[in-house]
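[1] Show me the folded form of this:
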Amino acid sequence: MIRGLLFIGMLTAHMVLAVEESWPTALSRMPLGTGASSLNETNCAQLLLGGFQSNATVKALIFMPGATDELFFFRRVQATLTNVNPSLFDALVALTNQSLLRVTFQPPFLLIYSEEDVLTLAVTIQDPRTMDKLKAGKPIPHLLTLDRDWNQLLALIKKPINATLRPYRGTRESWHFYRHTFAGWNLTPWETLAAAAQAGKTQFTVRRGTVIFEVDPRIGAIPHLEKFPGR
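    Okay, the predicted model is just below:
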């Protein structure tokens, strides 16, 4: 009987430790798998999102708008990978040490950002029942969107989310949204919408059966440029 209790206790402790695994530990087990020796605007997002695997700690890896500015517009991201077989965590360490990109864990999201970004999500709830349904909805097994605009994102998420999403495809209300760069595993509909807002510099309002996205007017620090980026 005592041995049985000890076994159950050890098993329970192991399960708790597995659930409480830190995000660096989780990402250290994810290889980039391409033999890349550096990260820049041409390969960084693709490598990191492609290497991000399903795990019990981090459900989404999100490039926020300030980070995509650094990558695709300012083109200031140049990071050398010194490990022979770098992991996703190694890549993030290199980025934060050698560029203006930063990383923060806001469970269940890992945000890659710059000082330009506002990290808190702006949401207005006018219908709690719709919010509860979105939180309880069936998870989306895997979602990866690399530099996709709102119309392209809607094509990926509209069907599995049981709510009307606005702006509608092809309307001009989304013209000033950022392009979306993030990957997620087993995100609920609510988490999917939150990830989209973090990636697209948007805020959203939940009404009865409807979620309305708008540009988030908040901004952090103004990026400092020694010269305007050329082509």
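[2] Ile41: how many residues sit nearby?
    Just so we're on the same page, residue 41 is Glu rather than Ile. For Glu41, the neighbour count with other CB atoms under 10 Å is 16. From N, CA and C alone the C-beta is placed, and that goes for glycine too.
[3] Next, give phi and psi for it.
    Main-chain torsions, Glu41, degrees, to the nearest 10: phi -60, psi -20.
[4] ditto for Arg29
    Torsion angles, degrees, to the nearest 10, at Arg29: phi -90, psi 10.
[5] next one: Ile161
    According to degrees, to the nearest 10, Ile161 has phi -110, psi 120.
[6] Now it: closest residue in space, sequence neighbours ignored.
    Excluding the flanking residues, the one nearest Ile161 by CB to CB, 6 or more residues apart in numbering is Pro189, at 4.4 Å.
[7] Could you measure from the one you found over to Phe204?
    12 Å (CB to CB, to the nearest Å).
[8] and if you look at Asp117?
    Taken as CB to CB, the span from Asp117 to Phe204 is 17 Å.
[9] so what pLDDT did the residue nearest the centre of the chain get?
    Nearest to the mean C-alpha position of the chain, by CA atoms, centre = their mean, lies Ile62 at 2.0 Å. Note on Ile62: pLDDT of 98.
[10] ok, it - contacts?
    With contacts defined as CB atoms under 8 Å, 6 or more residues apart in numbering, Ile62 is in contact with 109-112, 181-182, 195, 198-199.
[11] what about 6 Å?
    Residues counted as contacts of Ile62 (CB atoms under 6 Å, 6 or more residues apart in numbering) are 109, 111, 182, 195, 198-199.
[12] cool, and Ser87?
    Residues near Ser87 by CB under 6 Å, 6+ apart: 28, 30-31.
[13] what number of residues lie near the residue nearest to Ile161?
    For Pro189, using other CB under 10 Å, the count is 21.
[14] Give me the residues contacting the strand or helix carrying Leu153.
    Using DSSP states H and E, Leu153 maps to helix 150-157. Helix 150-157 has contacts (CB under 6 Å, 6+ apart) with 145, 169, 174, 177, 180, 192.
[15] Now the element after the helix or strand bottoming out on mean pLDDT in the chain, going C-ward?
    Every helix and strand of the chain was ranked by mean pLDDT, DSSP states H and E. The lowest is helix 2-19, at a mean of 46. Note on helix 2-19: by DSSP H and E, the next helix or strand toward the C-terminus is helix 23-28.
[16] Going by residue numbers, what spans are helices in the protein?
    2-19, 23-28, 44-51, 65-68, 88-98, 128-136, 150-157, 189-200 (DSSP state H).
[17] quick one, which of these is packed in tightest?
    helix 65-68 (a mean of 26; mean count of other CB atoms under 10 Å).
[18] Report all helices and strands that that one contacts.
    strand 109-113 (3 or more CB pairs under 6 Å, 6 or more residues apart in numbering; DSSP states H and E).
[19] The strand it packs on to helix 88-98, inter-axis angle?
    Relative orientation of strand 109-113 versus helix 88-98 (axes from the mean of the first three to the mean of the last three CA atoms, to 10 degrees): 30 degrees.
[20] got a markdown table for the contacts of helix 150-157, with distance to Ser38 and pLDDT too?
    Formatted as a markdown table, these follow (distance: CB to CB, whole Å; pLDDT from 0 to 100):
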| residue | distance to Ser38 | pLDDT |
| --- | --- | --- |
| Thr145 | 24 | 97 |
| Arg169 | 37 | 93 |
| Ser174 | 34 | 96 |
| Phe177 | 30 | 97 |
| His180 | 25 | 98 |
| Thr192 | 32 | 98 |
